[in-house]
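Asker: the amino acid sequence is not available; the structure is as follows:
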């Protein structure tokens, strides 16, 4: 069972990202920890990207695997709140890459999805000559910016 705060976070991340504001985040982390929130964002954002892609192609959604027994490890790097609302680890690169850095499994699981749907990690910073098929990197960034704007995403 998920706490109401987590259910609200899932709904807002997938349906109304323009409402993800700092005051709302402060309310959420009164019910779940910042690290739990980061992990939740990693799972929900990744699955949402895959689900929306499937919707666009009229394909069935992938099912989540069954939960594994046992308690979470609760292990991770020392992370602090710096330029984000959530704790992060200094990784260099973009804010989008840093956003999930406090929970290594959330960060690692987001990389294949981001690489397939957007730009591979090694191309995110600095390589504006890279292209994917017929789209150049500037064209990819324009499509990403317009999509983010249309979805009220501050990234």
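Answerer: Perfect, I can see it now. All figures in this text were calculated on a predicted structure; none of them were measured in a lab. Numbering: from 1, shown residues only.
Asker: burial of residue 128, as a residue count?
Answerer: 12 (other C-beta atoms under 10 Å). No exception for glycine: its C-beta is placed from N, CA and C like everyone else's.
Asker: which residue is the nearest non-sequential neighbour of it?
Answerer: Spatial nearest neighbour of residue 128, chain neighbours left out: residue 137 (4.8 Å); criterion: C-beta to C-beta, 6 or more residues apart in numbering.
Asker: please apply the same query to residue 64.
Answerer: Using C-beta to C-beta, 6+ apart, the nearest residue to residue 64 is residue 47, at 7.2 Å.
Asker: check which helices and strands the one helix or strand the one you found maps to sits against.
Answerer: Per DSSP states H and E: residue 47 is located in helix 34-56. Helix 34-56 makes packing contacts with helix 4-15, helix 104-117 when contacts are defined by 3 or more C-beta pairs under 8 Å, 6 or more residues apart in numbering; DSSP states H and E.
Asker: angle of it against helix 104-117?
Answerer: 20 degrees (axes from the mean of the first three to the mean of the last three C-alpha atoms, to 10 degrees).
Asker: what's the following helix or strand after helix 34-56?
Answerer: Sequence-wise, the next helix or strand downstream of helix 34-56 (DSSP H and E) is helix 95-98.
Asker: what is the mean pLDDT for that following helix?
Answerer: Helix 95-98 shows a mean pLDDT of 74.
Asker: what does stretch 29-42 give?
Answerer: 91.
Asker: pLDDT below threshold where in the chain?
Answerer: 92-94, 154-155 (pLDDT under 70).
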